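Peer 1: Just need the structure, nothing else, for what follows:
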Amino acid sequence: MFNAIDFIPHAEPMVFVDHIVEVGEQYIITELCIRPELMFCDETGLPSWTSIEIMAQSISAFAGYKGHLHGRAPQIGFLLGTRKLHLPVSHFALGQRLRIRAEQNYLHDGLAQFDCEIDYAGQKITATLNVFEPTSAQPDVAQ
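Peer 2: Presented below is the predicted three-dimensional model:
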């Protein structure tokens, strides 16, 4: 198990992945414990609309882990959009643990698509995310 913050270019309080549980050639499994100090958390818990960011950060951890294997630091990436987002619950309760799986089903020139799933209290939160990791996050500006 790895600390996810070591593989994503995020800082507190905008971190929604605690641990990398497992990494394969085309997938990652991460975990998040729902706690009061998480951004957007209230007395009800963490709103489920944050699922898209939780999934995106799991994908970022996947890319960061893969980059780490080649000696690269975590890179910035961009969430382009989502399809088929299914949110069967309104909140994730405090103290509960989420298990997130992101599986890459397409990659070409930094553009990728992942099928994602969050296991929560017998429910499945699912979505397909489109992401992009440029070779450089800085725009090329003519001098």
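Peer 1: which residues does Arg101 bridge with?
Peer 2: Ile29, Glu117 (DSSP bridges).
Peer 1: what sits up against the lowest-mean-pLDDT helix or strand in the chain?
Peer 2: Of all helical and strand segments in the chain, the minimum by mean pLDDT, DSSP states H and E falls on strand 78-86, at a mean of 91. For strand 78-86, contacts defined as Cβ atoms under 8 Å, 6 or more residues apart in numbering pick out 51-52, 56, 111, 124-134. For the C-beta atoms, the positions are set from N, CA and C on the backbone; glycine is no exception.
Peer 1: Could you identify the most distant pair in the residues you listed?
Peer 2: Lys124 and Pro134 (31.6 Å; Cβ to Cβ).
Peer 1: Between the two, which has more neighbouring residues?
Peer 2: Pro134 (14 against 10; other Cβ atoms under 10 Å).
Peer 1: Look up how far Ala63 lies from the more buried one.
Peer 2: Distance from Pro134 to Ala63, counting by Cβ to Cβ, to the nearest Å: 12 Å.
Peer 1: Pull the contacting residues for Leu111.
Peer 2: 80, 130-132.
Peer 1: And for Arg101?
Peer 2: The neighbourhood of Arg101, defined by Cβ under 8 Å, 6+ apart, consists of 27-29, 58, 116-117, 119.
Peer 1: change it to 7 Å
Peer 2: Applying Cβ atoms under 7 Å, 6 or more residues apart in numbering to Arg101 gives the contacts 27, 29, 116-117.
Peer 1: which among the residues you listed end up buried?
Peer 2: Neighbour counting with 16 or more other Cβ atoms under 10 Å marks 27, 29, 116-117 as buried within the contacts of Arg101.
Peer 1: Closest one to His70 out of these, please.
Peer 2: Nearest to His70 among those is Tyr27, at 18.4 Å by Cβ to Cβ.
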